[in-house]
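In: What shape does this take:
(4 chains)
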Protein chains: 2
Amino acid sequence: MPSRQIPSEQEPPRPLPPTAWAVLGLLSFPGERTGYELKKWADASLRFFYWSPAISQIYAELRRLETLGYATSRRSGPEEPRTKRRYAITEAGRAALAAWADSTQDVGPPVLKHPLVLRIWLGHLAAPERLRALVEEHLARTEAELRQVRAALARAEDHAEWAHPRIALRWSELRELAELELARAMLADLDRLAPPRGAIPVSHDGWPGPG
Amino acid sequence: MPSRQIPSEQEPPRPLPPTAWAVLGLLSFPGERTGYELKKWADASLRFFYWSPAISQIYAELRRLETLGYATSRRSGPEEPRTKRRYAITEAGRAALAAWADSTQDVGPPVLKHPLVLRIWLGHLAAPERLRALVEEHLARTEAELRQVRAALARAEDHAEWAHPRIALRWSELRELAELELARAMLADLDRLAPPRGAIPVSHDGWPGPG
DNA sequence: GTGTACATGTAATCCGTTACATGATTCC
DNA sequence: GGAATCATGTAACGGATTACATGTACAC
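Out: The predicted structure follows:
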């Protein structure tokens, strides 16, 4: 039976995964960068609203982008103490990225994988105190993330080129704040279900509503 | 050179991926279910705080869980119009799931992949009107999701066994509401950057703050 | 009788991670 | 001199998706 791979025919170019565009996006801002720098940058900002690829994948994407002609690289010579490979976006790359950015490709619903809520969802299998502790941990981690977002926001220069990244970071800041509120509301729900030791259960009218 | 796979030695059992636990979790609630039903249920509730695996993967996970002795299946016979395979959790499965639920395994930070914010982040490459339209679409989609969460919440019976799933859904409801607020705030930020046609730009003192 | 939902699977393939390997530079 | 960071990769592998295949039941 003929498989889907027909070697004699030209394969239509498969669309690039969002990760490739994200990496190319990192390159679209002023300056040349190494894969290593890109990873640090992704860790410090991209990950708050998208996600930070593994370093090995960043290198792989950079190689792919170069193969496609969307990026060029040059090995730094003796002018720098360390030999490294710096990448820059090409005109073709900028055009392709702009076309993607202006398309509706890959603009799906946000994907959320929230391990904590998964645990709560299975809360009937765990000790109430354990659940509470997990939420507390999550609160602490979220507060730490909020500080990191604010640090990134403080670093973001107040120039026109960085206006959109700042909006994304601003969104992330509000998102972390919302995450804190959500966790606190969940904690209250858990307390209502199984009041913590020493607490006096109060009467209530079902769910607490925002009114 | 010897690879990491040494056939002569017993491999320590690799830990199951979160997806396996999620599927086992679906089985941990009262009732026997088919893979098909599990998929529908995941689409209707799990996906709002975790994610809904592809149907083919659900079947694969069910087979794995059965291999591990965490689930049993039986083919329905002539008593049902359609032959299907119904799965149920075993005692071993319940014990393993409870151990996982009570552990701190896989309780990492929430993973968020927000394609819309990625687009905004690259907003310098797109037309302002396009960005606005994307946010509007997102608002509409989020409102639809909110309705779905509320429908799931309405379906969730008011019994003790379902208390924790209800908390997770309640969290999801608040999350969708927060998502709406976040999108509206982002829209305002975009307007400030490039006022829509016909709008009169007003003076402002930087970012709008929650106070 | 035709389309939709029900129901279960296989195959191919890619995405992405972790582990491993290697070496230079900088800081203490 | 030793640790941490900088810097770039390769290899193996699992996770997950999409496309494909197949057939039943039911509603209109």
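In: right, is the helix of greatest length in chain A up against chain B?
Out: In chain A, taking DSSP state H as the definition, the longest helix is helix A:163-193. Yes. Helix A:163-193 reaches chain B (Cβ under 8 Å from any Cβ of the partner chain) through A:163-165, A:167-168, A:170-172, A:174-175, A:177-179, A:181-182, A:185-186, A:189-190, A:193. No exception for glycine: its C-beta is placed from N, CA and C like everyone else's.
In: From those residues, list just the buried residues.
Out: A:163-165, A:167-168, A:170-172, A:174-175, A:177-179, A:182, A:185-186, A:189-190 (16 or more other Cβ atoms under 10 Å in any protein chain shown).
In: tell me the SS of the nearest residue to residue A:85 once chain neighbours are set aside?
Out: Computed as Cβ to Cβ, 6 or more residues apart in numbering or on different chains, the closest residue to residue A:85 that is not its neighbour in sequence is residue A:73, at 4.9 Å. Per DSSP: H, G, I helix; E, B strand; the rest coil, the local secondary structure of residue A:73 is strand.
In: count of residues packed around residue A:47?
Out: Neighbour count of residue A:47, defined by other Cβ atoms under 10 Å in any protein chain shown: 18.
In: can you tell me how far it sits from residue B:114?
Out: 11 Å (Cβ to Cβ, to the nearest Å).
In: what residue ranges in chain A score low on pLDDT?
Out: A:1-11, A:77-78, A:199-211 (pLDDT under 70).
In: Up against DNA strand C, what does it have?
Out: Listed as neighbours of DNA strand C in chain A under the rule Cβ under 7 Å from any atom of the strand: A:3-5, A:14, A:16-19, A:51-57, A:60, A:81-82.
In: Can you flag the buried ones in those residues?
Out: Buried among these by 16+ other Cβ under 10 Å: A:16, A:18-19, A:51-53, A:60.
In: These: which two are farthest apart?
Out: Greatest spatial distance among those (Cβ to Cβ): A:16 and A:52, at 18.0 Å.
In: show me what contacts the closest residue in space to residue A:152 that isn't next to it in sequence?
Out: Using Cβ to Cβ, 6+ apart and skipping the chain neighbours, the partner closest in space to residue A:152 is residue A:45 (4.8 Å). Contacts were defined as Cβ atoms under 8 Å, 6 or more residues apart in numbering or on different chains; by that measure residue A:45 touches A:152, A:165, A:168-169.
In: if I look at residue A:45, how far off is residue A:153?
Out: 9 Å.
In: if we take the buried ones among the residues of chain A next to DNA strand C, which one ends up nearest to residue B:120?
Out: Distances from residue B:120 to these, taken by Cβ to Cβ, are shortest for residue A:18, at 14.1 Å.
In: correct me, but that closest one touches residue A:108?
Out: No. Under the criterion of Cβ atoms under 8 Å, residue A:18 makes no contact with residue A:108, lying 9.2 Å away.
In: Pull up the overlap in contacts between those two.
Out: residue B:115.
In: rewinding a little: which one of the contacts of residue A:45 is nearest residue B:104?
Out: residue A:152 (27.8 Å).
In: Tell me where chain A has helices.
Out: Using DSSP H, helices in chain A cover A:18-27, A:35-44, A:55-67, A:91-102, A:115-121, A:128-155, A:163-193.
In: could you dump those to TSV with distance to residue B:39?
Out: Shown next, in TSV, are the helices of chain A (distance: least, Cβ to Cβ, whole Å):
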stretch	distance to residue B:39
helix A:18-27	24
helix A:35-44	33
helix A:55-67	29
helix A:91-102	31
helix A:115-121	17
helix A:128-155	27
helix A:163-193	26
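In: domains of chain A?
Out: A:18-102, A:115-193 (automatic domain parsing).
In: returning to that earlier point: quick one: closest of the helices of chain A to residue B:94.
Out: helix A:115-121 (15.6 Å).
In: Contacts for that closest one next, please.
Out: By Cβ under 8 Å, 6+ apart, helix A:115-121 touches A:126, A:131, A:134-135, A:138, A:183, A:186, A:190, B:18, B:21-22, B:25, B:46, B:49-50, B:101, B:106-110, B:164-165, B:167-168, B:171-172.
In: ok, and of these, which contact DNA strand D?
Out: Answer for the contacts of helix A:115-121 near DNA strand D (Cβ under 7 Å from any atom of the strand): residue B:18.
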